[in-house]
Every structure is written in structure tokens, then in C-alpha cells.
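> my questions concern the predicted model and sequence given below.
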Amino acid sequence: MSIKKNKKWYTRIPHPVTMLFGIIIFATLLSHILPAGKYARQLVDGRQRVVPGTFEYTESKGIGFLDLFTSMAKGFDAASDIIWIVLTSGIMFGILQKTRMVENVVGTIVRVIGLKRKYVIVFLMTYIFGMLGVAVGYENNIAMVPIGAMLSLALGGDLILAAGMSVAAVTVGFGLSPINPYTVGTGHKIAELPMFSGAPLRSLICFLGLTLLAFYNVRYFKKISGDKSNGLGQGLDESGFSLNKSIGEYSISYKDGLVASVFLAGMTIMLYGIFQHHWYLKEIAAMFTIISICCGIVSRMSATEISTTSLESVSMIAPGAFMVGFATTIKVILEQGEISDTIAFHLSEVLTSLPIYFSAIVMSLSQCVMNILIPSGSGQALATLPVMIPVGDLVGLTRQTTILAFQIGDGVTNLINPTLGGLIAMLSLCRVPFDRWLRFIAPLMLGILLMCWVFLTAAVLINWS
């Protein structure tokens, strides 16, 4: 007589493509269940902003069977910028990998610092990647993820640890950044508050979020040290990320220094363009392409080697690029069905009937829901905050607290948001499937969310402004 064992929850997580297709079908069904509705919008500083108090139901626009599948093509079209930056960053790392520069630099760093300090390295690298998220942005850091993968494997970790050290850190740093221009900056403009005011409290929340992540990463590393079968990285493709020599054999050659100089110079120009000229995805992807060609030339690769390496890199990163376009289909369907505004309207109605302390947390939860529907931070701010700020005023929340509730809901759930193109892109560069990522990061996300809600409740208590 056989005894059936109860399966754990994570064994029931479907394949990422299956998961996304299920969400696409669910969004399509919602377009038939929920009434269509829209807020009026006005152009402010070149961006369309919702006008509060103007919501009205419109003619139902349920998505048809054929429209469900044609929306996929539209999703890829809408995500073309992110897909291109994923491909160009993959090509750039493929070229750098071919030159052996990254491997030699990572191997030398580990040799100099020593494997005895491997837990300290993971702890510190979590903060370093987190600060990149705070100061540089999100998609801007895509190219740094493979470096985290090589470092993790050099230390004896796996690709899950690499994603925790790089992808999660960038996501937490960016999501809770006190100077995030897309969430805090846009929110402060809408709320008519001083730009990036309230930074001390937000900085504390961001620091504590990264600290929780750092301890979480080290805990996982200790779990898999000596036996990687205890982790979630079994069977993942580590080719090209693993070191090919023992740590003691690594050193940095003149050619490595030359390639590294070209790479750092290109990244410096890119950051200058981002901060001074507001470069975004197209310009960043262009810089990745330029860096790839220049690194290939200075390392004396032939034109044929650069070309074949580029195509090999594209073949490795293509599944991730596909996932980005596939995920964007959800956003396209919700826009076509005109139900995003309907959901925002009814969520705001619920908030007015709650006590002030609960309303702050539920407002944050409502932004968690909206983040799945509108993964763009600035887009979500422009679509929901003109509605949520008056609701917050009505129930007694300060505008600073309303912006914090929005930032928490948007920023923390980015860790598990399957519709966020940047997250899917970085995970694909790290070769970590979304289902395994969910198993790894979900407990931490809940911990950070609870910590943030404690601070949100305190903000209500002290009438934070």
C-alpha cells in the first residue's frame, strides 16, 4: 500500500511560460467580467496624468479569442526597447566572456581577498548591488548581473545565490530608494511636496531592506556550502560563468586591463548620459553595442569571432527576451479592455471605509495589485496617485505617508512581479527560471513587506509629513 506524500507548495508552481499564459487568460476573462471604465487624463510636463473625480464607465471592450493572440505581437512591440537591451547586454557579456577579462578579474579578486572571507564578500556585494539600484536605476544595471553570477560561482555558490546577490539587491535598492525618480520623484510632483523630502525615513527602510537581504543571502550560502544539492540551483546552466582554473592561478594581464578600461570607460559615458542627458533604454543599448565592438577590437578578436560570439550570446539570452515580450502582453490586454482604471477606482472606494491605520496598509496592498497590472513605476504613479492622494486626504493620511504606501507596494512586489520586464531580463541573464526564483525570494519579500508596514504604521502614528 503506497502512501502519498503531501507535496510542498512550491512543487505546484507551473513553468514560467505556463504561469504567464495563465495570467494572460485571466486578464482576458477579467475584461469580460469587469466593466470598462476610464478616468479623464491631462498632459502635465509631457506625461498623461489621471484627473481625480472623473471616473466613468465606458462601453465594454471584452477581449475576443483572436485578440488574445494578436495581443502577444503587440506585447512584443511594446517591449521592444527592453528586449533589445536584453539582447545587447547578453552580447556584451558574451564578448567580455570570450576575452576572459571578467573571469580573470573575478578570479584575482577572490584570490586576493581569500575564500575564508566568502560570507563577508556576499554580504558586501549585496550592499554594492543594492547601492547601484539606489543610485543608478533598474534596467541600467542589467549588464552587471552576469558579473554577480561569475563571482557567486567563484566563491562556491550557485546561480540562485548570484540572483539574490545581484538581481534582488538591485530590485530592493531601486524599489525602496529615497531618490527613486520614477516613484518618489513622480509621486512628490503629483502630491506637490518638496522633491525627495522625507529621505531619512526612506533611507532607513531601504538600508534595513538590504540588510535583511544580505543576511538572507548569507544564510542560503551557508546552507549550500559543501553540498549544492541543498539549494535550488541544481541543473541550471553554469557554462561560461564557472572559473576554468584554480583560484591561485588567476592574475590580470595587460590585455585584461585594456579590455577592462574600455568597459569601464563605456559604462562611465553611459552613466554620464543617464544623469546629464536623461538617456534611457535605446541609448543604453547603443552603449552596450559600442562597448561590445570596442572590447572585441582591443582584444584582437577577428570580425568573424565577434560575429559568431554575438550570435551564440543571442541564442543563450533569447528565452529571457521572449519572456519579456510575453509578460508585456498582460499590460496590453488590460489597456485594450480598459479595466485598469476600473480596478483603481474600486480599490480607492474600499479605502474610504477603513480605519486610518488599516487604510495605509490596504493602500499599500492595493498598489501591490496595481503593480502587476502597471509594472512601470512612473506609469503606476501617474495612473493611481491622483486618485489615491485625495482618498488619503479624506481618511486622514498625510501625503508623505500616501507616497510611502505607494512606494512600498510598488517597490517590494517588484521582487516577484512576472510582468516586470527588467526583472525577467535580469533573471534570464542569470539563467534562473522564474519558478525557482519565486521559491527562493517569496519568504524574503514577505519579511521585507512586513518590516515596511511597521514603518508605515509608525508614519501614520506620528502624522509623518
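Nice, I can see it.

> surely Val167 touches Ser428?
No - between Val167 and Ser428 there is no contact, the gap being 10.2 Å when judged by C-beta atoms under 8 Å. The C-beta positions use only the backbone N, C-alpha and C, and glycine is treated the same way.

> which element is Thr126 on?
According to DSSP states H and E, Thr126 maps onto helix 118-135.

> could you point out the helix or strand that follows that helix?
Later in the chain than helix 118-135, the nearest helix or strand by DSSP H and E is helix 145-155.

> that following helix to helix 118-135, inter-axis angle?
Between helix 145-155 and helix 118-135, the angle formed by their directions is 170 degrees, by axes from the mean of the first three to the mean of the last three C-alpha atoms, to 10 degrees.

> buried set for the helix holding Thr126?
Residues of helix 118-135 classed as buried under the neighbour-count rule (16 or more other C-beta atoms under 10 Å) are 118-119, 121-123, 125-127, 129-134.

> helices and strands around that helix, which ones?
In terms of contacts (3 or more C-beta pairs under 8 Å, 6 or more residues apart in numbering; DSSP states H and E), helix 118-135 is packed against helix 145-155, helix 169-175, helix 199-224.

> out of Val167 and Ser428, which sits in the more crowded spot?
Set side by side, Val167 and Ser428 show more neighbours around Val167, with 29 against 25, by other C-beta atoms under 10 Å.

> okay, that one and Phe129: tell me how far apart.
From Val167 across to Phe129, the span is 8 Å (C-beta to C-beta, to the nearest Å).

> shared neighbours, the two?
Gly148 (C-beta atoms under 8 Å, 6 or more residues apart in numbering).

> got any ranges where the stretch 1-150 of the chain has weak pLDDT?
Counting by pLDDT under 70, the stretch 1-150 of the chain shows low-confidence ranges at 1-12.

> quick one: the helices in it?
16-33, 65-78, 80-99, 101-113, 118-135, 145-155 (DSSP state H, counting those that start in this stretch).

> and those helices: which comes nearest Leu311?
Each of the helices of the stretch 1-150 of the chain has some distance to Leu311 by C-beta to C-beta; the shortest is helix 80-99, at 8.8 Å.

> centre of the chain versus the closest one, how much separation?
17 Å (C-alpha atoms, centre = their mean, to the nearest Å).

> what is that helix packed up against?
Judged by 3+ C-beta pairs under 8 Å, 6+ apart, helix 80-99 is in contact with helix 101-113, helix 254-277, helix 281-298, helix 303-337, helix 421-429.

> okay, Met287: pLDDT?
At Met287, the model reports a pLDDT of 94.

> pretty sure it contacts Tyr272?
No - Met287 lies out of contact with Tyr272 (C-beta under 8 Å); the separation is 10.3 Å.

> more neighbours: these two, which one.
The neighbour comparison of Met287 against Tyr272 (other C-beta under 10 Å) goes to Met287, with 20 against 11.

> who's in contact with that one?
If you count contacts by C-beta under 8 Å, 6+ apart, Met287 has them with 266-267, 269-270, 273, 279.

> ok, residues contacting the helix or strand where Thr186 lies?
In the assignment (DSSP H and E), Thr186 maps to helix 186-191. Under the contact criterion C-beta under 8 Å, 6+ apart, helix 186-191 has outside partners 45, 49, 194-197, 377-378, 381-382, 385-386, 389, 399-400, 402-403, 406-407.

> next one: that helix to chain centre, how far?
Offset of helix 186-191 from its chain centre (C-alpha atoms, centre = their mean): 22 Å.

> only alpha carbons, please: show it as CSV.
C-alpha atoms of helix 186-191 as CSV (Å, rounded to 0.1, in the frame of the first residue of the first chain):
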residue,chain,number,x,y,z
THR,A,186,6.8,61.4,-9.7
GLY,A,187,4.8,61.0,-6.5
HIS,A,188,6.2,64.1,-4.9
LYS,A,189,5.4,66.1,-8.1
ILE,A,190,1.8,64.9,-8.1
ALA,A,191,1.4,65.5,-4.3
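
> Leu397: which element?
Here Leu397 is assigned to no helix or strand, by DSSP H and E.

> equivalent analysis for the one 4 residues further on, please.
Element membership of Thr401 [criterion: DSSP H and E] is helix 399-413.

> so that helix versus helix 199-224, what angle?
Angle of helix 399-413 versus helix 199-224, following the same axes, to 10 degrees, is 20 degrees.

> show me what helix 399-413 is packed against.
Judged by 3+ C-beta pairs under 8 Å, 6+ apart, helix 399-413 is in contact with helix 169-175, helix 186-191, helix 199-224, helix 356-373, helix 377-395, helix 434-461.

> give me the pLDDT for Ser239.
The model reports Ser239 with a pLDDT of 87.

> hang on, it in a helix?
No - in this structure, Ser239 is coil, not part of a helix, as judged by DSSP: H, G, I helix; E, B strand; the rest coil.

> can you pull the contacts of it?
Residues counted as contacts of Ser239 (C-beta under 8 Å, 6+ apart): none.

> now do it against His188, distance only.
46 Å.

> tell me the mean pLDDT for stretch 267-282?
For stretch 267-282, mean pLDDT rounds to 88.

> got a list of contacts for that stretch?
For stretch 267-282, the external contacting residues (C-beta under 8 Å, 6+ apart) are 81-82, 84-85, 136-137, 139-140, 143, 283-284, 287, 291.

> repeat the analysis, applying 10 Å as the threshold.
Outside stretch 267-282, the residues that touch it by C-beta atoms under 10 Å, 6 or more residues apart in numbering are 80-85, 88, 135-137, 139-140, 142-144, 181, 283-284, 286-288, 290-291, 421-422.
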